[in-house]
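Q: Sharing a model prediction with you, sequence too.
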Amino acid sequence: MSGKDGPGTGAPGISTGAHDFLETVLLILLFVTVFTGILFGLRYESYSPLIGTFSGWYLIAALAPAVFVLVVICGLLLRPSLCRCVPAIGGRIAAPVVVGSAIPVLIGVLLWTSEVPESRLALALAVAVPALGALLAARASARPQFVLCVLPIVIVAAVLLMVEVPLLARKAPARWGDDRLFAYLHPKEPPFMGPGGRLRPSIDCDQMSAEFPRGVAVITNRDGFRNGREFGCALGDETRVLSLGDSFSTGYAMPQDLFFGSLFERGLRERMPQRNIVVLNAEVSNPAHGLYYLQEFGLRYRPRIVLYGLSGNDLVQTEHFFGPRARFTMDANGVIVANPDFDRRRQGPIVRFRDFAYPSATPTSRRSVLSAARRTGDGWVRHFGGFGVSSWLGSCMTFKPRPVPMFSYAEAFEREDGRKRLIDGQSDLGLYYPPGASVVEGVYRQFFVVLEGLQRTAEQAGAELVLVIFPQRFQLQSRDWEVMCDHWSLDDQLFDLSRPNRRIVERCAVAGIECLDLLAPMQEAAAPNEFYLPGGDMHLNSTGCRVAAGITAAFVEGILAGEGPASVPIGTRPDESDDTSPSTDPQCLDPPVKGGSTEAQAFGGGIHVLLGGIERDGDFISFHTFENGGQALAGVDFGGRENFFGEPAGVEKLPLFEEQRCPSHLIFELADVSRPANGKQGVEGSS
């Protein structure tokens, strides 16, 4: 029977045959959508896998529901009569009741699928579950209009997923930090890394990227540097810059030709075409591992400049990996070594600093409602950003994603009481919080010991250390800071967003370390640019990398051109160059210097004393130099203790250094003399 009022439909204008046809089309499209989503879901690699490459949460909350939905769809396709098992109540259920019941279900589905990490599987579930509900509602209420409402959405989803199908022929992009990219993460025993750092040697694969959803190429050479060419130890006519750092320096989510190190080399080459400048990019995670790498491997490549890129969480990571009970310590010669007293049960900084929290809590009701809404919205922005059509649309329009609070590794503690943890492994707001200065003093102390170890190691090998400070996104983009304050109910007046930068720059000035703080120059270039990856990610995007690399290239050009101080190799005169002293060993000789002797080089009217470390009562003493006319005054910072040597006030002796002469250097041996009243010992001498 046909006509405008088909029997059994209860809907004018739709016959029973047309209704059955629409249901069949809907089910076929749902099958294609969910099946494709599952194929992509099976390629996903969880951070903490339980079975295969999948975590328990991913299996239970994503893959299992998708398989169940696919089974239901297949059953409805093969046995259409199953649809008729739903009681046909006809018009006795009002449409507003059905719609009103569907709204909370739809919200719940969106909340759930926004947390599914694989974007294509998330879309398939978000569309299939409500569509099946609409199909059953159409049967129960005898209103096929519900099928018509969801059919266009299912068609769009199916098209989006079918466009992505060619990606199934390619291997899924690697995640930064997984073993496809990294040969070393944070092993507790040597070897801690390889000749090129932590990255796996000789790789050529894609990594995941929020800015480039199709993935970006990662290429390393046979040593593990993120470079396409190989490096021997013979310099030839090369001027080498060894770029050390974490994912900021070596290109988290950035293509091979658009990450900081690659753009930095390009900028230097453009500025100094007369020199054959090469930048070697080694991923070392943090300054403590960086110092170990420099002493074990880096100096073999004979760099002229050792450039360390310091990112926002490096200070806290240094405190975690370097210290009395940490993975690394420093021996009596100032060489960083594996700590024989390493406590394998030592808790990480997130746990150890869990009580260091902002005093006020975000109201629970506001936190739960706003957090859920924001997390859902941000999750779906991230999901759609992973589709090829989004990349195409992004190239056709200017779009700035909404700022969101940065990710926190202390999220579990923050959810308990609603208080922002000030050491969270990402923003680490405690460094910007003057009321908590005493809590983070140990973080600074350990970092400065390692920083001066980097300087000492580089200069003793004839290289120069350059420290580059990458700003945090909330330092550079005011809207991000406003979102952070609003989300956590922070009082903006209690924070000093340039505090850690100033302290590091001041310490570098005292120690004679070339330091480039990118905060001010990047602030000038910020508007209207967006410098960071979306979703609260702390990493620079391609625009941020380009701007940072350009500023750094100009700074290093000044040093290479002789506008900044330049150290000379040990045993040569200041006017000699080390750029043409190749190694005779193609396998690379051991580093020329690995800590050890204490030296002074003569420049200008005074002496710069480069002091090694010594051990006293199990505590490391870090030395700093000051220049005063014809004197070099060696001040001592004894591990944060209040008094000069951590001893009773009546002690009158400290080590001084007797002078022995050698070409261009003054070497001092320990001797005992009385301490002057001001706690500093003058050392007379001249070049």
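A: Nice, thanks for sending it over.
Q: ok, and for the longest helix along the chain, which residues are buried?
A: Among the elements of the chain assigned as helix by DSSP state H, the one spanning the most residues is helix 16-41. By neighbour count, and taking 16 or more other CB atoms under 10 Å as the criterion, the buried residues in helix 16-41 are 19, 22-23, 26-27, 29-34, 36-41. Placement of C-beta: from N, CA and C, glycine included.
Q: Against residue 322, how distant is residue 469?
A: 19 Å (CB to CB, to the nearest Å).
Q: neighbour count winner among those two?
A: For the pair residue 469 and residue 322, the greater number of neighbours falls to residue 322 (26 against 20), based on other CB atoms under 10 Å.
Q: Find the nearest non-adjacent residue to that one, please.
A: Once flanking residues are discounted, residue 322 sits nearest to residue 288: 4.0 Å by CB to CB, 6 or more residues apart in numbering.
Q: Was I right to think the one you found contacts residue 315?
A: No. Counting by CB atoms under 8 Å, no contact exists between residue 288 and residue 315, whose distance comes to 10.6 Å.
Q: picking up where we left off before, list the contacts of the residue nearest to residue 322.
A: Each residue near residue 288 by CB atoms under 8 Å, 6 or more residues apart in numbering is listed here: 317, 318, 321, 322, 326, 327, 328, 336, 450.
Q: Would it be right to say that the fifth one lies in a helix?
A: No. Following the definition DSSP: H, G, I helix; E, B strand; the rest coil, residue 326 is coil and is not counted among the residues of a helix.
Q: Now the phi/psi pair for it, please.
A: Backbone torsions for residue 326, taken as degrees, to the nearest 10, come to phi -90, psi -180.
Q: Give me the neighbour count for it.
A: Counted by other CB under 10 Å, the residues lying close to residue 326 total 18.
Q: Let me know the pLDDT of it.
A: Note for residue 326: predicted pLDDT of 96.
Q: do you know how far it is from residue 19?
A: For residue 326, the distance to residue 19 - CB to CB - is 70 Å.
Q: residue contacts, the residue nearest the centre of the chain?
A: Relative to the mean C-alpha position of the chain, the nearest C-alpha, by CA atoms, centre = their mean, is the one of residue 247, at 5.1 Å. Applying CB under 8 Å, 6+ apart, we find residue 247 in contact with 176, 283, 311, 539.
Q: Kindly recompute the last result at 10 Å.
A: Contacts were defined as CB atoms under 10 Å, 6 or more residues apart in numbering; by that measure residue 247 touches 176-177, 253-254, 259-260, 283, 285, 309, 311, 538-540.
Q: cool, and residue 529?
A: Each residue near residue 529 by CB under 10 Å, 6+ apart is listed here: 400, 476, 477, 522, 541, 543, 544, 546, 547.
Q: go on, residue 355?
A: For residue 355, the set of contacting residues under the criterion of CB under 10 Å, 6+ apart consists of 413, 419, 421, 422, 439.
Q: Pull up the gap between it and residue 321, please.
A: In this structure, residue 355 lies at 22 Å from residue 321, with CB to CB as the measure.
Q: And the pLDDT at residue 45?
A: Residue 45 carries a pLDDT value of 80.
Q: Thought residue 207 was touching it, still the case?
A: No. Applying CB atoms under 10 Å, one finds residue 45 not in contact with residue 207, separated by 11.8 Å.
Q: shared neighbours of those two, anything?
A: Common neighbours of residue 45 and residue 207, using CB under 10 Å, 6+ apart, are 173, 174, 175, 178, 180.
Q: and the gap between residue 260 and residue 527?
A: Residue 260 is 21 Å from residue 527, where distance means CB to CB.
Q: Repeat that for residue 23.
A: With the distance defined as CB to CB, residue 23 ends up 54 Å from residue 527.
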